[in-house]
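J.: What follows is a predicted protein model with its sequence.
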Amino acid sequence: QLVESGGGLVQTGGSLRLSCSASKRTFSAYFIGWFRRASGKEREFVSRIDREGAITYYADSVKGRFTTSRDNAKNTVYLEMNNLKPEDTAVYYCAARLYSGSPHENQYPNWGQGTPVTVSS
């Protein structure tokens, strides 16, 4: 089970750090993806990280502003979001899968409930 936290309301240019935590002892075996869904839009890929935290990928829209990292000792993955913009407003989800990472949401069988982020202009 994945649990996201850290969402909230922030002004344009502000920062938030989202967390994705799991209770599984095998958490370090999972590739983690971050996705978001804005109101009225489809869910989209934001970033992903490999099992060791050495390789990360980002959507062009967040590259240079968002950073994903993980602490396997704490069974937690983080999404540091800086210089937030109103278009970043969405519900953010983390997802987990074995074997490899992917930017495609349909390849992730395990999802959290999401945490909302609102960026005011």
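T.: That came through, no problem. Residues are numbered from 1 along each chain as shown.

J.: residue closest to the middle of the chain?
T.: Trp34 (2.9 Å; C-alpha atoms, centre = their mean).

J.: The residue nearest to it when sequence neighbours are not counted: what secondary structure?
T.: Of all residues not flanking Trp34 in the chain, Val46 sits nearest, at 4.2 Å (C-beta to C-beta, 6 or more residues apart in numbering). All C-beta spots, glycine's among them, are computed from the backbone N, C-alpha and C. Counting by DSSP: H, G, I helix; E, B strand; the rest coil, the backbone at Val46 sits in strand.

J.: Val46: neighbouring residues, count only.
T.: 25 (other C-beta atoms under 10 Å).

J.: let's number from 9 now, not from 1
T.: In the new count, where the first residue is 9, that last one comes out as Val54.

J.: Might one say that it is in contact with Arg44?
T.: Yes: using C-beta atoms under 8 Å, Val54 is in contact with Arg44, at 5.3 Å.

J.: follow-up on the earlier one: residues in contact with the residue nearest to the centre of the chain?
T.: 26, 28, 53-56, 76, 85, 87, 100-103 (C-beta atoms under 8 Å, 6 or more residues apart in numbering).

J.: mean confidence for the helix or strand encompassing it?
T.: Following DSSP states H and E, the helix or strand that holds Trp42 is strand 39-45. Mean pLDDT, strand 39-45: 98.

J.: What residues does Asp79 make contact with?
T.: Asp79 makes contact with 85-86, according to C-beta under 8 Å, 6+ apart.

J.: any idea how far Lys82 is from Gly61?
T.: According to C-beta to C-beta, to the nearest Å, Lys82 and Gly61 sit 12 Å apart.

J.: Neighbour count: those two, which is higher?
T.: A direct count of neighbours by other C-beta under 10 Å for Lys82 and Gly61 places Gly61 higher, at 16 against 12.
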